[in-house]
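>>> can't give you the sequence, but here's the structure:
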């Protein structure tokens, strides 16, 4: 039975081979392995020959170039800051009492001495009247004693007591007048008021904040710079800044003071600059972006696309004739699509800006586009 199965399989194989030769031209010798190694080796040789021909026909790499240029740069110090009022105070009473009158509108602009609040002054007025009456009595008594003293009919002790009583009465009147005056609260400096926190009739204790007063015609620009930038800030006289609330506008402020101590938490130096806000464009509390202009210097600049990052660091490919040279460089500031090359490059060198990712030192290239300068 097993022999019969083997016979059927052999017949099927022969029939399939005959059918393939007749209809498809299959090389039976190749299927059976006859002559296979020789033909395979010959085919591999032809493929290798074809690949070698392709490498031989491949020309120089196509690249784009630009020239390293010289630009004026400055080591500016950038910082975030806040606008502060030149003067700011929370108006509060010195004594407790009931608010009788509020003499301003919220947000009003006031001058020095403008009355803001009046407290109930009934008791203070009564104390002042009593003190004045006592003063009149003391002055009359002193006047009589003084006449008697001229005639020698009064002792020196009586005269001294009368004189002291008069002076005490005068001081009592002055104190009562001061207490009465303090029941009217006035603006200590010119500025703009905020929102009041009390209403008429409210009883408040001494020291309770009633309204905020800010002097806004001059603003302080408060910002901090790293301690390493201290020298740059000390030599500067002015700063420029922008506010996100007013896009497109740049303002200037004069540096007024540097904090004598470095903040040990942030290792930063606190700086204040004064801004003339007579037009009232800016308000206290605004976030500003401050620039402290540094000294200008010449710098070699190239497009950012000329920089290639390798394992050993940043490199640039410079072009001379039709060959490139790989140059290791040290980079500086990046400004508007160009980057400063601190070391490794000279102004006027031609650098590869496109097609440089796969280049190697000494490779031949063909320039297909060029820019006159790095800025272009």
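Good, I have the coordinates. Being a predicted model, the structure only gives us computed values, none of them experimental.
>>> Does the residue most central in space within the chain belong to a helix, a strand or coil?
Centroid-nearest residue in the chain: residue 80, 2.6 Å away (criterion: Cα atoms, centre = their mean). Under DSSP: H, G, I helix; E, B strand; the rest coil, the three-state class of residue 80 is strand.
>>> Do I have it right that it meets residue 291?
No: counting by Cβ atoms under 8 Å, residue 80 does not reach residue 291; the two are 11.1 Å apart. No exception for glycine: its C-beta is placed from N, CA and C like everyone else's.
>>> Pull out the buried residues from stretch 118-137.
Neighbour counts over stretch 118-137 (16 or more other Cβ atoms under 10 Å) mark 118, 119, 121, 124, 127, 128, 131, 134, 135 as buried.
>>> So what touches it?
Stretch 118-137 is contacted from outside by 93, 95, 97-101, 103, 166, 169-170, 172-173, 175-177, 179-180, 183-185, using Cβ atoms under 8 Å, 6 or more residues apart in numbering.
>>> Quick one: mean pLDDT over that stretch.
Across stretch 118-137, the average pLDDT comes to 95.
>>> Then stretch 224-234?
For stretch 224-234, the mean per-residue pLDDT is 89.
>>> residues touching residue 243, list them.
83, 249, 251, 282, 286, 287, 288, 289.
>>> Go ahead and confirm the first one touches residue 288.
What that stands for is residue 83. Yes: the pair residue 83 / residue 288 is scored as a contact, 6.1 Å apart, by Cβ under 8 Å.
>>> who's in contact with stretch 159-178?
124, 127-128, 130-132, 134-135, 137-139, 141-142, 145-146, 149.
>>> Residue 171: which element?
helix 156-181 (DSSP states H and E).
>>> Distance-wise, check the spatially closest residue to residue 96 that is not a sequence neighbour relative to residue 109.
In space, residue 96 comes closest to residue 205 once its chain neighbours are excluded; the distance is 4.6 Å by Cβ to Cβ, 6 or more residues apart in numbering. According to Cβ to Cβ, to the nearest Å, residue 205 stands 29 Å off from residue 109.
>>> next one: residue 141
According to Cβ to Cβ, residue 141 stands 52 Å off from residue 109.
>>> Neighbour count for those two, which is higher?
Neighbours per residue (other Cβ atoms under 10 Å) separate residue 141 from residue 109, with residue 141 holding more: 17 against 14.
>>> Give me the longest helix you can find in the chain.
helix 122-151 (DSSP state H).
>>> hmm, back to that, so what sits against both of residue 83 and residue 288?
With Cβ under 8 Å, 6+ apart as the test, residue 83 and residue 288 both reach 221, 243.
>>> could I get the buried residues of stretch 118-137 as CSV with distance to residue 303?
As requested, the buried residues of stretch 118-137 are exported to CSV (distance: Cβ to Cβ, whole Å):
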residue, distance to residue 303
118, 71
119, 72
121, 77
124, 78
127, 83
128, 83
131, 86
134, 91
135, 89
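>>> Okay, and the beta partners of the residue nearest to residue 328 when sequence neighbours are not counted?
In this structure, residue 328 finds its nearest non-sequential neighbour in residue 315, 5.3 Å apart by Cβ to Cβ, 6+ apart. Counting by DSSP bridges, residue 315 is bridged to residue 308, residue 328.
>>> And the pLDDT for residue 315?
Looking at residue 315, its pLDDT reads 94.
>>> Repeat that for residue 61.
For residue 61, pLDDT reads 88.
>>> What helix or strand is residue 219 located in?
Per DSSP H and E: strand 211-226 holds residue 219.
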